[in-house]
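Novice: Fold the following.
(one chain, ligands or ions: 2)
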Amino acid sequence: MPVITLPDGSQKQFDEPVSVADVAAEIGPGLAKAALAGRVDGQLVDTAHVLENDINLAIVTGRDDEGLEIIRHSTAHLLAQAVQQLFPSAQVTIGPVIEDGFFYDFAFERAFTPEDLEVIEKQMTELVAQDLPVSREVMPRDAAIEYFKGIGEHYKAEIIADIPGDEEISLYRQGDWVDLCRGPHVPSTGALKAFKLTSVAGAYWRGDSSNAMLQRIYGTAWPDKKALKAYLKRLEEAEKRDHRRIGKDLDLFSLQEAAGGGLVFWHPKGARIRRVIEDFWRDRHVAAGYELLYTPHIALQSLWDTSGHTDFYRESMYKPMEEENQLYQLRPMNCPFHVLIYKHSLRSYRDLPMRWAELGTVYRHEMSGALHGLMRVRGFTQDDAHIFCREDQIADEILAILDLTLSILGAFGFREYSVALATRPDKAVGSDEIWEKATAALREALAAKGLDYSDDAGGGAFYGPKIDVKIRDAIGREWQCSTIQLDFNLPERFDMEYVAEDGARHRPIMIHRALLGSIERFFGILIEHYEGKFPTWLAPVQAVILNITDRQDDYAKQIEESLRNQGLRIESDLRNEKIGFKIRQHTLQWVPYLLVVGDREAESNTVAVRTRSGEDLGSMSIDDLARHLHADIASRGLNDLNTMED
Ligand SMILES: [Zn+2]
Ligand SMILES: [Zn+2]
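Specialist: Residues are numbered from 1 along each chain as shown. Ligands and ions are numbered 1, 2, ... in the order given. Next comes the predicted model:
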């Protein structure tokens with residue numbers, strides 16, 4: 001006779017075992033309809049799951065994150081069922097939930113086309129109309145392997161063979177279609193009301209390029225049509241801003257198949273922007289009391305043994321290379337190098353804090369399937385820094401880092417943040433005392449900056465607590481860029497010391513921090529944030545001079561030289577083309593200023609100034625124009641409301 005305790009503390013008693021669906025019906029008909037699953041003492045179960053004992057139960061609906069996940073996962077099953085009904089030779093593999101949706105990988109003899117997607121989606125809608133019940137069955141492992149082999153599903157059989165022997169194998173059936181799955185699932189296909197298939201792509205089985213190429217279908221699913229519509233609108237907005245397309249249109253960067261995946265080539269215009277970012281970053285760091293370092297890209301593997309990377313980080317590292325009977329490792333991180341410089345001399349308490357920054361390029365192994373434009377790459381430059389300080393300096397240093405972080409991110413046009421403080425996990429190095437002190441220092445600094453933050457309890461690294469800062473871009477997406485991490489571990493591993501006032505040896509505290517994250521990824525975010533319309537201080541070409549006829553060639557060249565000598569990025573377009581054509585072309589390259597010169601301008605020593613948004617600023621003398629450009633550059637475009645719509 002189970003007693004069911006609901007989240008509000010109320011209890012319901014039943015005379016016999018009941019299903020989650022029965023309990024939902026007992027609470028009310030609305031909930032009975034909305035119920036997708038149950039959470040029983042923290043464990044997710046199907047609505048058909050029978051409750052025999054006294055337990056805590058929450059009814060999960062599409063309004064919960066877990067409910068949304070169940071909808072997406074169930075829609076992936078629906079997709080697979082539809083595909084196999086339409087294309088019986090397609091084999092199923094995996095169909096996980098991803099951000100905003102799901103995908104399913106099929107082994108199929110050809111690539112699916114956009115027309116296929118339409119037909120598949122129609123079939124899915126048909127299966128929803130049939131409102132097929134979704135039911136769970138348990139099967140012994142060997143029987144399950146035999147079953148899937150028997151129906152020609154060799155990938156599924158392989159997946160089951162990899163499941164640990166003591167785990168239960170559950171199958172989900174809807175109509176005459178069956179899939180291996182842990183569940184839970186929606187009670188029937190009728191619960192799936194709002195979905196759309198979005199794209200197809202090739203994907204290797206298990207993400208490994210030596211395996212077979214599968215056909216991946218992506219889709220999205222939501223609790224209702226309204227949420228789906230809002231999402232598709234966001235997606236359209238994001239596609240318009242895709243940094244891979246804009247990067248190509250504006251000739252900023254490329255990824256070269258001939259060189260390997262995930263390696264970025266910066267073209268001249270992208271490189272100009274990178275130089276501005278880096279110069280700005282360096283200047284701000286020097287002003288904030290940092291020293292700049294340069295360290296090698298490879299080092300003996302033994303260094304990475306000392307740092308612990310070969311133990312804990314191996315899967316992200318490239319394999320070592322051998323030279324003169326020694327193993328060298330391409331660096332996945334910069335930290336140990338800065339530690340070596342620290343250890344090069346005996347340090348005194350008076351030397352601390354030491355703030356060392358490096359634009360350090362690192363190489364990390366990523367599965368080829370995970371690579372994505374500039375956002376996920378294999379070689380990238382971290383805007384890294386390490387601060388070595390005493391315990392009593394932590395709070396001041398964190399505050400100074402937060403100041404620098406917000407001022408640098410703000411200069412790039414990001415003024416909305418969400419901040420999280422991650423605290424001690426169960427397994428951790430360092431004494432309770434130092435964890436408490438350090439965490440308190442982080443809280444103190446966040447409070448001093450007046451920053452709202454969420455607590456990520458237990459989410460810190462084993463070596464120390466951290467603050468993560470996400471920025472919000474022009475269309476409301478959040479990007480994790482900055483991280484500030486305390487480290488009680490590396491100083492221990494490398495036996496770092498300083499001589500205290502009393503002459504005794506102490507361990508310094510190490511702070512790792514990156515503000516932009518990586519230059520490559522940050523550049524991708526900037527491209528999408530500004531939709532390629534960079535503010536003048538970042539624009540690869542700040543102004544372009546356009547002549548009306550070749551009579552103004554010399555005058556145009558003279559202005560170009562004069563403005564270039566003032567450090568401005570100016571080009572001239574003296575092609576024998578119609579002025580309207582030239583204006584249109586450079587506007588589409590988002591050059592902030594278009595300077596038109598005809599006979600009248602040449603005679604009066606002026607230029608006719610237009611902006612890329614089509615605004616006519618009238619005619620200006622060269623001096624006035626230069627002043628205008630310098631003022632715009634100095635403002636970093638932060639007065640330009642076009643670029644930040646909240
Ligand atoms: Zn499933
Ligand atoms: Zn580090």
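Novice: Can you report phi and psi for the residue of the stretch 1-150 of the chain at minimum distance from ligand 2?
Specialist: The minimum distance from the stretch 1-150 of the chain to ligand 2, using Cβ to the ion, falls at residue 99 (27.4 Å). In this view, the C-beta of every residue, glycine as well, is placed from N, C-alpha and C. Main-chain dihedrals, residue 99, degrees, to the nearest 10: phi -60, psi 130.
Novice: List the contacts of it.
Specialist: Under the criterion of Cβ atoms under 8 Å, 6 or more residues apart in numbering, residue 99 has no contact partners.
Novice: Helix, strand, or coil at the one residue in the stretch 351-500 of the chain that gets nearest to ligand 2?
Specialist: Taking Cβ to the ion, ligand 2 has its nearest neighbour within the stretch 351-500 of the chain at residue 386, 5.5 Å off. Per DSSP: H, G, I helix; E, B strand; the rest coil, the local secondary structure of residue 386 is strand.
Novice: can you check the one 10 residues further on too?
Specialist: In terms of secondary structure, residue 396 is helix; the call rests on three-state DSSP.
Novice: what number of residues lie near it?
Specialist: For residue 396, the neighbour count with other Cβ atoms under 10 Å is 15.
Novice: how much space is there between it and residue 287?
Specialist: 17 Å (Cβ to Cβ, to the nearest Å).
Novice: can you check residue 492 too?
Specialist: From residue 492 to residue 287 the distance is 32 Å (Cβ to Cβ).
Novice: neighbour-wise, which of these two wins?
Specialist: For residue 492 versus residue 287, neighbours defined as other Cβ under 10 Å are more numerous around residue 492 (14 against 9).
Novice: Hmm, residue 103 and residue 95 touching each other?
Specialist: Yes - contact status for residue 95 versus residue 103: in contact at 6.7 Å, counting by Cβ atoms under 8 Å.
Novice: any common contacting residues for those two?
Specialist: residue 76.
Novice: for residue 602, helix, strand, or coil?
Specialist: Using three-state DSSP, the structure places residue 602 in helix.
Novice: Which residue, other than its chain neighbours, is closest to residue 252?
Specialist: Leaving aside its sequence neighbours, residue 252 sits nearest to residue 270 (Cβ to Cβ, 6 or more residues apart in numbering; 3.5 Å).
Novice: Run through the residues that contact that neighbour.
Specialist: Applying Cβ under 8 Å, 6+ apart, we find residue 270 in contact with 247, 251-253, 523, 540.
Novice: how distant is the lengthiest helix in the chain from the center of its chain?
Specialist: When the chain is parsed with DSSP state H, its longest helix is helix 65-86. Here helix 65-86 is found 25 Å from its chain centre; the criterion is Cα atoms, centre = their mean, to the nearest Å.
Novice: Using PDB, write down the CA coordinates of it.
Specialist: The C-alpha coordinates for helix 65-86 follow below in PDB (Å, rounded to 0.1, in the frame of the first residue of the first chain):
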ATOM      1  CA  ASP A  65      14.100  20.400 -18.500                       C
ATOM      2  CA  GLU A  66      13.900  16.700 -18.000                       C
ATOM      3  CA  GLY A  67      10.600  16.600 -19.800                       C
ATOM      4  CA  LEU A  68      12.000  18.500 -22.700                       C
ATOM      5  CA  GLU A  69      14.900  16.100 -22.900                       C
ATOM      6  CA  ILE A  70      12.400  13.100 -23.000                       C
ATOM      7  CA  ILE A  71      10.500  14.800 -25.800                       C
ATOM      8  CA  ARG A  72      13.700  15.300 -27.800                       C
ATOM      9  CA  HIS A  73      14.900  11.800 -27.200                       C
ATOM     10  CA  SER A  74      11.500  10.300 -28.000                       C
ATOM     11  CA  THR A  75      11.400  12.400 -31.200                       C
ATOM     12  CA  ALA A  76      14.700  10.800 -32.200                       C
ATOM     13  CA  HIS A  77      13.000   7.400 -31.900                       C
ATOM     14  CA  LEU A  78      10.100   8.700 -33.900                       C
ATOM     15  CA  LEU A  79      12.500   9.800 -36.600                       C
ATOM     16  CA  ALA A  80      14.300   6.400 -36.600                       C
ATOM     17  CA  GLN A  81      10.900   4.600 -36.900                       C
ATOM     18  CA  ALA A  82       9.900   6.800 -39.800                       C
ATOM     19  CA  VAL A  83      13.200   6.300 -41.600                       C
ATOM     20  CA  GLN A  84      13.100   2.500 -41.300                       C
ATOM     21  CA  GLN A  85       9.500   2.400 -42.600                       C
ATOM     22  CA  LEU A  86      10.400   4.500 -45.600                       C
END
